[in-house]
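> Make a model of this:
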Amino acid sequence: MIQQLVLIGLVSISLLAVNGPNLDESAEPVTGPGFNHKAIVGVEKCVDCHKHSAEVWKNTVHYKTITDMPRSPKAKEIIDKMGLRRVKESLCTSCHGTEMWDSEHNEMTVEAGVSCESCHGAGMGWVTVHGEFSGKEEDEETEAEAAKRWKASEAAGMLRPSMIADIARNCVSCHVIDHEELVATGGHPAVSNFELLSWSQGNMRHNNFYTNGKENKVASAERKRVLYVVGMVAEIEVLLSSLGNAKAMNIYVKTHAKRFSNLRKQFISVAAASKDESMLEFAQYLKTVGLSFKAREALIPASKKAGEFLDNFSATSDGSSLAGIDSLLPDPSEYKN
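Okay, the predicted model is just below:
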């Protein structure tokens, strides 16, 4: 996550997120976003205020995955091939569940499916400060106080919807499998059909807090454009990194290479329609990226180049000048579920 501490007062909050009680930096899972399970506070801490969002969540595959996935014959097959004892081990649950530390029994447990903190970051450092309204009633907090509160929350590890590049990377960390053995040996699918715009605006959408559940707002036309571009590039970034670090020519490499090639063609078309200078420049760069397995180390700097574009684009584009790509965006009928 890319955050800066702009106020000295935020330092203590940031240190709490990193060095707070019972945090074990060696316990990060090998797949997924890598949030420390000892900093997970649990769904109930969020549901107290976000009950309408929780109702939406309960009707999504994110909620159901931790119960549906272990019953799947494919999951059992993968577990056997990987030599694991059961599905509910961190290799699986870091993406298919929410891992939380049970201090009473001194062990890691799976608290829920893909839940609030799976997407918005482990909440130990920020869950309290983000919902305090600066110690006032919600309608009494000034804009300056709210801005300071959100900066404190971000500095403490919260992934807010405005942090679009980081949100996209977090999604991709599970929807593109960056674990060669899990794919090549275990037979886990290397990628899903994930696409940030259509998935975030489908049944995962829970933009209903400020309307008290009365309306679940769809993203604006401008934000949809940014979501579409950012989602593509976040995938490209991790695909290039995965390919660059691959150990052997196998189904993992072949699938990731095919996915990258398709996304490259897609991005080049979108860039041409956008007439956006930075997108056109990055599209030209992508055309030069080779996929020779023997020269795969060159894909590591290519991944970094994609990351640089992703950060710059998400920080500078509000989507208002990208109307040219509207005809290329997924139709609402194609949104997830």
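> was I right about residue 204 contacting residue 216?
No: counting by CB atoms under 8 Å, residue 216 is not a contact partner of residue 204; they are 10.6 Å apart. In short, each C-beta sits where N, CA and C put it, glycine included.
> of these two, who's got more company?
Per other CB atoms under 10 Å, whichever of residue 204 and residue 216 has more neighbours is residue 204, with 20 against 15.
> Before we go further, that one is sitting in a helix, right?
No: counting by DSSP: H, G, I helix; E, B strand; the rest coil, residue 204 falls outside a helix, being coil.
> how close does it get to residue 245?
According to CB to CB, to the nearest Å, residue 204 and residue 245 sit 29 Å apart.
> Give me the common contacts of residue 204 and residue 216.
residue 56 (CB atoms under 8 Å, 6 or more residues apart in numbering).
> got the phi/psi numbers for the nearest residue to residue 321 once chain neighbours are set aside?
In this structure, residue 321 finds its nearest non-sequential neighbour in residue 276, 6.7 Å apart by CB to CB, 6 or more residues apart in numbering. With angles defined as degrees, to the nearest 10, residue 276 sits at phi -80, psi 130.
> wait, what's in contact with residue 276?
317, 321, 322.
> where does the last one sit relative to residue 229, distance-wise?
With distances taken as CB to CB, residue 322 is found 7 Å from residue 229.
> Which one's more surrounded, those two?
More crowded of residue 322 and residue 229, by other CB under 10 Å: residue 229, with 30 against 23.
> Am I right that residue 263 is in contact with residue 240?
No: using CB under 8 Å, residue 263 makes no contact with residue 240, being 10.2 Å away.
> Compare those two and say which is more crowded by neighbours.
residue 240 (28 against 18).
> Tell me if I'm right that that one and residue 309 touch.
No: checked against CB under 8 Å, the pair residue 240 and residue 309 is beyond contact range at 11.8 Å.
> Which residues are in contact with the most far-flung residue of the chain relative to its centre?
Most distant residue from the mean C-alpha position of the chain: residue 140, 32.7 Å away (CA atoms, centre = their mean). Residue 140 sits next to residue 133 when contact means CB under 8 Å, 6+ apart.
> Next one: it relative to residue 179, how far apart?
Counting by CB to CB, the gap from residue 140 to residue 179 is 48 Å.
> Show me what counts as buried in stretch 152-167.
Residues of stretch 152-167 classed as buried by neighbour count (16 or more other CB atoms under 10 Å): 152-159, 163-167.
> so of those residues, which ones are in strands?
Using DSSP state E, no member of the buried residues of stretch 152-167 sits in strands.
> rewinding a little: got the contacts of residue 276 as JSON lines, with pLDDT, distance to residue 38 and secondary structure columns?
What follows is the contacts of residue 276, written out as JSON lines (pLDDT from 0 to 100; distance: CB to CB, whole Å; DSSP: H, G, I helix; E, B strand; the rest coil):
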{"residue": "317", "pLDDT": "98", "distance to residue 38": "37", "secondary structure": "coil"}
{"residue": "321", "pLDDT": "98", "distance to residue 38": "44", "secondary structure": "coil"}
{"residue": "322", "pLDDT": "98", "distance to residue 38": "41", "secondary structure": "coil"}
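> Just the closest of those to residue 297, please.
Nearest to residue 297 among the contacts of residue 276, counting by CB to CB, is residue 317 at 31.0 Å.
> what about residue 272, neighbour count?
Neighbour tally, residue 272, other CB under 10 Å: 15.
> wait, residue 329
By other CB under 10 Å, 18 other residues sit near residue 329.
> So what does it have for phi and psi?
Backbone torsions for residue 329, taken as degrees, to the nearest 10, come to phi -70, psi 150.
> which non-adjacent residue is nearest it?
Of all residues not flanking residue 329 in the chain, residue 228 sits nearest, at 5.5 Å (CB to CB, 6+ apart).
> okay, the helix or strand the one you found falls within in PDB with CA atoms only?
In this structure, residue 228 sits in helix 221-244 according to DSSP states H and E. Extracted C-alpha coordinates of helix 221-244, given in PDB (Å, rounded to 0.1, in the frame of the first residue of the first chain):
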ATOM      1  CA  ALA A 221     -19.500   7.000 -15.600                       C
ATOM      2  CA  GLU A 222     -16.200   8.600 -14.800                       C
ATOM      3  CA  ARG A 223     -15.300   6.100 -12.100                       C
ATOM      4  CA  LYS A 224     -16.400   3.100 -14.200                       C
ATOM      5  CA  ARG A 225     -13.800   4.200 -16.800                       C
ATOM      6  CA  VAL A 226     -11.000   4.300 -14.200                       C
ATOM      7  CA  LEU A 227     -12.100   1.000 -12.700                       C
ATOM      8  CA  TYR A 228     -11.800  -0.600 -16.100                       C
ATOM      9  CA  VAL A 229      -8.400   0.600 -16.900                       C
ATOM     10  CA  VAL A 230      -7.000   0.100 -13.400                       C
ATOM     11  CA  GLY A 231      -8.300  -3.400 -13.200                       C
ATOM     12  CA  MET A 232      -6.500  -4.400 -16.500                       C
ATOM     13  CA  VAL A 233      -3.200  -2.900 -15.500                       C
ATOM     14  CA  ALA A 234      -3.300  -4.400 -12.000                       C
ATOM     15  CA  GLU A 235      -3.600  -7.800 -13.600                       C
ATOM     16  CA  ILE A 236      -0.900  -7.000 -16.100                       C
ATOM     17  CA  GLU A 237       1.500  -6.000 -13.300                       C
ATOM     18  CA  VAL A 238       1.100  -9.300 -11.300                       C
ATOM     19  CA  LEU A 239       1.000 -11.500 -14.400                       C
ATOM     20  CA  LEU A 240       4.400 -10.100 -15.600                       C
ATOM     21  CA  SER A 241       5.800 -10.600 -12.100                       C
ATOM     22  CA  SER A 242       4.600 -14.100 -12.000                       C
ATOM     23  CA  LEU A 243       6.000 -15.000 -15.400                       C
ATOM     24  CA  GLY A 244       9.300 -13.300 -14.600                       C
END
